[in-house]
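> this is a predicted model, with the sequence first.
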Amino acid sequence: NLPRIFVFILFTIISFFLVSKFEKYFFQKDHAKIFFLTILFILFFLGLIIKNFTKKSLILFFYFFLVLYSVNLLLVVYNYNNRAAKKIERALASQNKAYDKRTLLEFVEYKKKSGKKIYPHVVPREFLEKNQGKNFYLTAMPNTNYVSCNEFGEWKQFRTDDLGFNNEKFIKNFEILLVGDSFAEGSCVNKLSEPSNLFSKNYNLLTYSIGVSGNGPLLSLALIHEMQNKVNFNHIVWLIYDNDFYDLKVEKKHSFLNNYLKNDFLKNNYFEDIDRIKKEQIEYINSKLSSYKKKYSLKENILELKE
C-alpha cells in the first residue's frame, strides 16, 4: 500500500545518508546529525517490519520533523544575535571602531576599483576535492595578494612569497620549518600573531611556514618532499588538529599524494612549473568569483541543524 511504499522510500534515503555521511559527521563531530539520522533509521525500520506501525511511523516522523525544526529555528534566532561576529561588532562599537560588514566579493571588488589586484584565498584542498586542472596544486599562487577571512572585524589580507606561502619573503636558511593547515598558516589572525612570527619574536627561532589552510597530512607531507632541496633547517614543527584525520581519508583517494608515501619517491619538481600553476589558478578563481559569499545566511542556518 501507499504508506508502506512511502516508508520504504524514506527508509532508503535515511539509510543512504547514514552510511555515506557517518564518517564525515563523526570526524567533524556532528554528533547531532548522527543521532537524528539513527533515530529516523530505527523509526522507519520498525515501520517496515511491523505492519501496524507503518502509519504511526509516518505520523511520528511528521511530529519529529516539526518539533526538530521548530527548536532549530529558535536556536538560529539565538545564534544570530549571539554569534561571534555580533559580539565583536558590539565590542568594536564600544571602542568607536567600525566592523567591516562587506562580503568577501564586495571587498575584492572594492580593492580592484582602488587599483589593487587581490584574490579570494582558494586553497589546494578545494582543487583536490573538485579535481580542477590536469595537475595538482600544493600551494596558493606566488607573489599574490589574498584576502581570506573576517573573524575580528576586518578582512585578513596577506601577500604570498616566491613559492606561494604566507611569509614576508622566501628564505633558504632557518631554524624551524613550520608545517600544517590554517593554524600553521596563521589564518584569520593578525600578522604578529601568526605562529611563524611568534617563534621568531618570542623564542628567537627563525621560522619559515609552509602551512596552508585545509591541508591534511598527505598534502603537508608532499610539501615537505618538494621543499627538501630548496631550504636548510634544523627542526620541523608540524601542527596537527583532529580534523586532519578526516582530511587524510580524503587525500588518500588521490594517487599522486600516495606517491609521497613510497620509500623511493623523492618529489615531483612542483616548484619548477610555478608560473603555469599561477595561470591556471587565476583562471579558476576568476571563473568562480561571483560565487564567493561570506555573509550570514538565515536560510542556510535554518536548514542546517544546530547542535
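Ah, there it is.
> nearest spatial neighbour of Phe158, skipping sequence neighbours?
In space, Phe158 comes closest to Asn166 once its chain neighbours are excluded; the distance is 5.2 Å by Cβ to Cβ, 6 or more residues apart in numbering. Quick note: C-beta positions are derived from backbone N, CA and C, even for glycine.
> which helix of this protein spans the most residues?
helix 54-82 (DSSP state H).
> by contact count, what packs against that one?
helix 2-27, helix 31-49, helix 298-303 (3 or more Cβ pairs under 8 Å, 6 or more residues apart in numbering; DSSP states H and E).
> check which residues of that helix are buried.
Thr54, Ser57, Leu58, Leu60, Phe61, Asn72, Val76 (16 or more other Cβ atoms under 10 Å).
> just to revisit the earlier point, A strand includes the residue nearest to Phe158, no?
No. With DSSP: H, G, I helix; E, B strand; the rest coil as the criterion, Asn166 is coil rather than part of a strand.
> what is the burial count for it?
26 (other Cβ atoms under 10 Å).
> and for Pro195?
If we define neighbours as other Cβ under 10 Å, then Pro195 has 20 of them.
> need the contact list for it.
Leu178, Phe183, Ala184, Gly186, Thr207, Ser209, Gly211, Leu239 (Cβ atoms under 8 Å, 6 or more residues apart in numbering).
> now do Thr38
Neighbouring residues of Thr38 by Cβ under 8 Å, 6+ apart: Leu18.
> tell me who's in contact with the residue nearest to Phe158.
Phe158, Thr160, Glu185, Gly186, Glu194, Ser209, Gly211.
> relative to Lys97, how far out is it?
Counting by Cβ to Cβ, to the nearest Å, the separation of Asn166 from Lys97 is 25 Å.
> so Phe271 touches Glu226, yeah?
Yes. Using Cβ atoms under 8 Å, Phe271 is in contact with Glu226, at 6.3 Å.
> more neighbours, those two?
Using other Cβ under 10 Å as the criterion, Phe271 and Glu226 rank with Glu226 on top: 21 against 18.
> dump the C-alpha coordinates for the one helix or strand that one maps to into CSV.
Here Glu226 is covered by helix 217-227, with elements defined by DSSP states H and E. Taking Å, rounded to 0.1, in the frame of the first residue of the first chain, the C-alpha atoms of helix 217-227 are listed here in CSV:
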residue,chain,number,x,y,z
PRO,A,217,48.8,15.1,6.4
LEU,A,218,49.4,14.0,2.9
LEU,A,219,49.3,17.5,1.3
SER,A,220,51.7,18.6,4.1
LEU,A,221,54.0,15.6,3.5
ALA,A,222,54.0,16.4,-0.2
LEU,A,223,55.2,19.9,0.6
ILE,A,224,58.0,18.7,2.8
HIS,A,225,59.2,16.5,0.0
GLU,A,226,59.1,19.3,-2.6
MET,A,227,60.9,21.7,-0.2
